[in-house]
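>>> Using only what follows, build the 3D model:
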Amino acid sequence: MRKSVPRSRNVQKLTELLLCVQQDQITGKLKYEDFCSPCTKENVLDNVKPKFDRIARNGLIRGWQRLALHNGVVLQAMRDPFRQTQCLSALLNGGSCESSEAGALKPARPGSSPKIIRADFTPATLLADGKTVQDEPGWGPDRWHENYPMAKGDKQSPIEINSKDVRHDASLAPWHASYDPGAAKTILNNGRTCRVVFDDTFDRSVLRGGPLTGAYRLRQLHLHWGSSDDHGSEHVIDGVKYAAELHMVHWNPKHGNFAGALKQPDGVAVVGILLKVGKTPKPEMKRILEEIDNIKTKGKEAPFQHFDPSILFPKSRDYWTYHGSFTTPPCEECITWILLREPIEVSSDQMAKLRSLSKNGENEPVNPLVDNWRPPQPVKGRIVRASFK
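Residues are numbered from 1 along each chain as shown. Modelled structure (predicted):
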């Protein structure tokens, strides 16, 4: 039976263990019985990695006491969290990080290549107190590029779609999803959105067709919404903003894992569903919204099982598609967007339920989680294709 180990002093050990998995160096010399027994590669991936992902996802990594980086580079906590984040961003982009603070970077050997290990999340998005750049006052989307240069890239999302500029592509195939309700695992509030997490260890819930080649595994779904019903969606259609937008995130297993997929132009596929306030709200949204009371504050997570997200799809399968990015830092440009033409309806009361979430923790003052959308980004010559005329 594995021991229960305090989270704060073992983030480094978890990171080092994942580093060993990446390098296929799980051996008996490593003393990680606190986390896995025996410490085989399969055991680590099945049991340890989800635990590490959950810690990171909930923003509970505090202090950055020491974070093991690829090829032996170790970054220790800096006094200035923004400087720390800038250094991590530089490492992520293949650069180097010079710091006047003693011990900030310690190459283990000459010639070490400072590439950060990415355990299914981007460490650079977390500041020293567990918050993110998005959480900091004055560090809104218009300043993300200062820490995440990719946010000023040529293929950023969301965008405004103008019908007059869209190109109908008769070669675009219908898309179809095959989801296993048993893959749904948990629902959580990470301080930035409401997210439902699915098991993606094999092809049990997949998206195929449309502009995609091969099957993409469903990993999670989340929502973006506004502070009132007249805005909240990220994509804008012919000048119209919707109350919210739901994203179903899938990744291409040919790239090995989610972290690998983030680095490839065909790595991720997101189905976007627009939500509008109307008189005939979609009853299927109730399943998600009835769990809101269990995840009111940041860091809260609750079981969420036996859920088939395909019940959220509108009747029409018409879609727009283009190549873009994640809409949160570091805004990787790895996404094939499938944005559905027909919105689904929600009630004003259902939207109010989403706005009852707090972006702060349980013992902190309530801070309504609203306006978690990124404004439209420049199209920069990209062609938006449509499956319909």
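>>> Read off the pLDDT value for the closest residue to Pro158 other than its chain neighbours.
Counting by Cβ to Cβ, 6 or more residues apart in numbering, Pro158 lies nearest to Glu234, which is 3.8 Å off, once chain neighbours are set aside. Where C-beta positions appear, they are placed from N, C-alpha and C, glycine not excepted. Among the per-residue scores, Glu234 holds a pLDDT of 98.
>>> Let me see the contact set for Glu234.
Contact analysis of Glu234 by Cβ atoms under 8 Å, 6 or more residues apart in numbering lists Ser157, Pro158, His224, Glu245, Gly272, Thr327, Trp373, Arg374, Pro376.
>>> Now go through these and say which are in helices.
Under the assignment DSSP state H, the contacts of Glu234 contribute nothing to helices.
>>> so which of these comes closest to Pro281?
Set against Pro281, the nearest of those by Cβ to Cβ is Glu245 (16.0 Å).
>>> Not counting its neighbours along the chain, what's nearest that closest one?
Ser233 (4.1 Å).
>>> again, but for Gln264
Going by Cβ to Cβ, 6+ apart, Gln264 has His255 as its nearest residue, at 5.3 Å.
>>> ok, now how distant is the one you found from Ala173?
Per Cβ to Cβ, to the nearest Å, His255 is found 22 Å from Ala173.
>>> Tell me which of those two has more neighbours.
Neighbours around His255 and Ala173, counted as other Cβ atoms under 10 Å, are more numerous at His255. The numbers are 17 against 11.
>>> and that one, what does it touch?
Contacts of His255 (Cβ under 8 Å, 6+ apart): Ala261, Lys263, Gln264, Gly267.
>>> Make JSON lines out of these and add pLDDT.
What follows is the contacts of His255, written out as JSON lines (pLDDT from 0 to 100):
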{"residue": "Ala261", "pLDDT": "94"}
{"residue": "Lys263", "pLDDT": "93"}
{"residue": "Gln264", "pLDDT": "96"}
{"residue": "Gly267", "pLDDT": "97"}
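>>> nearest to Phe304, of those?
Ala261 (23.4 Å).
>>> Let me see the contact set for the closest one.
With Cβ under 8 Å, 6+ apart, Ala261 has these contacts: Trp251, Asn252, Pro253, His255, Gly267, Val268, Cys334.
>>> Name the nearest of those residues relative to Glu345.
Using Cβ to Cβ, these come closest to Glu345 at Val268, 27.5 Å.
>>> And the pLDDT for that closest one?
98.
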